[in-house]
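S.K.: coordinates only, sequence not included:
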């Protein structure tokens, strides 16, 4: 009898944090190695929880040691270049407008709060959809490619 585990998905797991300001703009990062803006976050390391990874990435990318909030969304977002991916999005605390970011790892060139209606000009479509989906609901949501599946799988 064949081992069914050999056919099981083994997605890469990433975690990000959604920070918004008092006007509802979203904190976006211009990375030195990507051609689009991203939210704070990155891949989960072996043995690390997605929430712990999100807090670690915020520490590494922004120099902030903060408590990451609750789960906003889980997004199934396979990529042709990277394979299956499971992306966790957590709520970030409201930061003081004078918060100073420290870019110590060389990955971040700039941080900026971006109006939600301008996300498409800054980032990938699926990330813009994920952010908008997370901002629309008060409960964690399961997404596929950044879109709710409620209508698709009733």
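M.R.: Arrived safely, thanks for sending. What you see is a predicted model, and the numbers here were worked out from it, not measured in a lab.
S.K.: Look at residue 42 and report its pLDDT.
M.R.: For residue 42, the model assigns a pLDDT of 95.
S.K.: from memory it sits against residue 57, does it?
M.R.: Yes. Counting by Cβ atoms under 8 Å, residue 42 does reach residue 57; the two are 4.4 Å apart. Just so you know, the C-beta spots here come from the backbone N, C-alpha and C atoms, and that holds for glycine as well.
S.K.: overlap in contacts of the two?
M.R.: 15-16 (Cβ atoms under 8 Å, 6 or more residues apart in numbering).
S.K.: Residue 12 versus the closest residue to residue 78 other than its chain neighbours, what's the distance?
M.R.: Distances taken as Cβ to Cβ, 6 or more residues apart in numbering put residue 84 closest to residue 78, at 4.7 Å, once the chain neighbours are dropped. Separation of residue 84 from residue 12 (Cβ to Cβ, to the nearest Å): 7 Å.
S.K.: do the same with residue 58
M.R.: Taken as Cβ to Cβ, the span from residue 58 to residue 12 is 19 Å.
S.K.: Quick check on these two: which one has the bigger neighbour count.
M.R.: Applying other Cβ atoms under 10 Å to residue 58 and residue 12 shows that residue 58 carries more neighbours, namely 26 against 15.
S.K.: dump the residue contacts of the more buried one.
M.R.: 17, 40-41, 64, 66, 68, 92 are the contacts of residue 58 under Cβ under 8 Å, 6+ apart.
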